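K.L.:
Below are the sequence and a predicted model; questions follow.
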Amino acid sequence: MVISIVLVVLVVGSVLFHFFSPWRLTPLASNWQQMDDTLAITFVITGIFFIAINFLLVYMLLRFRHREGSRASYAPDNKKLERWLIGGTALAIMALLAPGLFVYAAYIKPPPDALQLEVLGQQWQWRFRFPEQNGKLGLSDARLVSAANPFGLDPRDPAGQNNILINGNEVHLPLNKPVKMLLRSNDVLHDFYVPQFRARMNLVPGMVTSFWFTPTKPGRYEILCAQLCGVGHYNMRGIVVVEDEAAFQAWLKAQPTFAMTMAATGPSAGAHTSDARLEQGRQLAQSKGCVACHSIDGSSGVGPSWKNLFGHTTSLTDGTSVTADEAYLKKSILDPSAQIVKGFPPIMPKLEVSEAELAALLVYIESLSAAGQGGQQGMQKDVPQHAAQTRQP
Ligand code: CUA
C-alpha cells in the first residue's frame, strides 16, 4: 500500500515538475524547428509509457496483494499477450526512431549555396577557417600541425593560401545564410554545440564530420564543448556572433589569411613593442587553454594561480622549493612534469609552443606579479605578432 502511494506521488510529481519547472529550452535561433519537434515526440512517447507502466505497477500491487488464505496460481505463458506486447513495443520504438532519421538525413545535406566554415578543436580551444569568396578550403594534414601552423594546412596547396584563419575562440556568421560546418580535431574527441542552434556534432580525430544550419536571430551565442575532453573541458568555450551580411564581411576582411600568418611567423618578422607582446601573451593564455587551469586573480584552480607567481618562492612536491624565475617558468611550460608544485596533481599537458610564443607567455605571466614589472625589459626577443595583422580590403 505504501509503495503504491509512493509511486502515484512520484508520477504526479514528475508530470507537475515537467509543466512547472523553470528550466525550458532556450529560444530557437536556427532553422532546426524539426529538432525541437523530434524532441517533443520523444518526450510524449516516453512520458506516456512512464505514466502507464507506473500506474500498471500500482494496479498490480493493489489487485494482487497478499490476502489471508489466497494462493498464487501458475501461469507459465500467454502467447496472445506476448504478441501484443512485442508488436506494441516495436511500434513505439519505430515511432521514437523514425522522425530522428528523417531529421538527421536533412541535417547532413546542406543547400548547395551554403557558406563553408571549418571548426578545429584542440584541448581546450576553438579555431575556425573560412575559404575566401567562392573559394575552396586547402588541404590539411595532422602531420603539418605546429605552433606556427596550428591548422596543419599544406603550404604547397594553392587553394589553402587565401583561406581565412581565425586563431581564437570567437567566430562571426551572417544572418539567414545557410552554413555548412566541417569539423575536425587536433587531438581528442570534442563536440561543437550551440544550444540555441539545436545543432551539434562530434569532432573526431582523423576525420571530418559535417552538418549545416541557418542562423535566424542576430546575437552572441556561446559554443560549448559537449564531450568530456580532459581537465579543461568545462572551459572549452567559444562565441558565435550572428550579424548582418555587411558587418560579417567587415569582420571577415580583418582576419588574416594562411599566407599572411606564415609570413608573420617567418624569419623576416620584425621586433614589436612590449605592449604587443604582452597582448599576444594574454591571447595565447586564452587560446592555448592555460587560463582553464591557471587563474590570473589568485583564486585557486586546477593548477597554481599566475597572480604573483613570478619572482616568488614555490614549494615543490619533492620537498624542495624554487624561485619562479624565467628559467623555471620556461621549463614548467616545456616540460610540465619535471617540477610539480606542492598540492597540485601532475596533469598539465605538454603544449605546442614556439620560442616566440613562449617569450610572449612569459611576459604575460611576469606582468601579473608586482615583481614582474621590471622583468619585462629583460625580454628582448623577436616576437611575431600575427594576431594583430589585418588584411586590407
Ligand atoms: Cu573539448 Cu570537451
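P.N.:
Right, received. Where do you want to start? Numbering: from 1, shown residues only.

K.L.:
Can you say which helix or strand has Arg220 in it?
P.N.:
Arg220 belongs to strand 219-225 when elements are defined using DSSP states H and E.

K.L.:
Could you point out the helix or strand that follows whichever helix or strand Ala246 is part of?
P.N.:
Element membership for Ala246 (DSSP H and E) is helix 245-253. Proceeding C-terminally, helix 245-253 gives way to helix 258-265 as the next helix or strand, assigned by DSSP H and E.

K.L.:
wait, is Glu366 part of a helix?
P.N.:
Yes: assessed with DSSP: H, G, I helix; E, B strand; the rest coil, Glu366 lies in a helix.

K.L.:
Is Ser185 bridged to anything, and to what?
P.N.:
Beta-bridge pairing of Ser185 under DSSP bridges involves Gly121.

K.L.:
picking that back up, just list what the strand holding Arg220 packs against, helices and strands only.
P.N.:
When contacts are defined as 3 or more CB pairs under 8 Å, 6 or more residues apart in numbering; DSSP states H and E, strand 219-225 packs onto strand 190-194, strand 237-243. For every residue, glycine as well, the C-beta is placed using N, CA and C.

K.L.:
the inter-axis angle of the helix holding Ala246 versus strand 237-243?
P.N.:
130 degrees (axes from the mean of the first three to the mean of the last three CA atoms, to 10 degrees).

K.L.:
CA-only coordinates of helix 245-253, as CSV, when you get a sec.
P.N.:
In CSV, the C-alpha atoms belonging to helix 245-253 read as follows (Å, rounded to 0.1, in the frame of the first residue of the first chain):
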residue,chain,number,x,y,z
GLU,A,245,25.9,40.5,-44.0
ALA,A,246,27.7,43.8,-44.1
ALA,A,247,29.0,43.5,-40.5
PHE,A,248,30.1,40.0,-41.2
GLN,A,249,32.0,40.9,-44.3
ALA,A,250,33.7,43.7,-42.5
TRP,A,251,34.8,41.4,-39.7
LEU,A,252,35.9,38.7,-42.2
LYS,A,253,38.1,41.2,-44.0
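
K.L.:
For it, which residues meet the burial criterion?
P.N.:
248, 251-252 (16 or more other CB atoms under 10 Å).

K.L.:
Can you tell me which of those residues is closest to Lys79?
P.N.:
Distance to Lys79 across these (CB to CB) is lowest for Phe248, with 64.5 Å.

K.L.:
quick one: the helices in the stretch 201-350 of the chain?
P.N.:
245-253, 258-265, 274-287, 326-334 (DSSP state H, counting those that start in this stretch).

K.L.:
Any idea how far the first one is from the middle of the chain?
P.N.:
Mean C-alpha position of helix 245-253 versus that of the full chain (CA atoms, centre = their mean, to the nearest Å) differs by 24 Å.

K.L.:
Torsion angles phi and psi at the spatially closest residue to Gly135 that is not a sequence neighbour?
P.N.:
Leaving aside its sequence neighbours, Gly135 sits nearest to Asn162 (CB to CB, 6 or more residues apart in numbering; 6.2 Å). Phi and psi for Asn162, reported as degrees, to the nearest 10, are phi -100, psi 10.

K.L.:
check contacts around Asn162.
P.N.:
Applying CB atoms under 8 Å, 6 or more residues apart in numbering to Asn162 gives the contacts 131-132, 135, 257-259.

K.L.:
Now which of those residues would you call buried?
P.N.:
Neighbour counting over those (16+ other CB under 10 Å) leaves 131, 257-259 as the buried ones.

K.L.:
okay if I get those residues as TSV plus pLDDT?
P.N.:
Listed next are the buried ones among the contacts of Asn162 as TSV, based on pLDDT from 0 to 100:
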residue	pLDDT
Pro131	92
Thr257	87
Phe258	88
Ala259	83
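
K.L.:
what residue ranges in the stretch 251-393 of the chain are flagged as low confidence?
P.N.:
264-276, 371-393 (pLDDT under 70).

K.L.:
Run a quick neighbour tally on the residue in it that the ligand sits nearest to.
P.N.:
Taking CB to the nearest ligand atom, the ligand has its nearest neighbour within the stretch 251-393 of the chain at Gly289, 9.5 Å off. The local packing of Gly289 (other CB atoms under 10 Å) involves 22 other residues.

K.L.:
Likewise for the one 10 residues further on?
P.N.:
Residue crowding around Ser299 was assessed by other CB under 10 Å; the count is 8.
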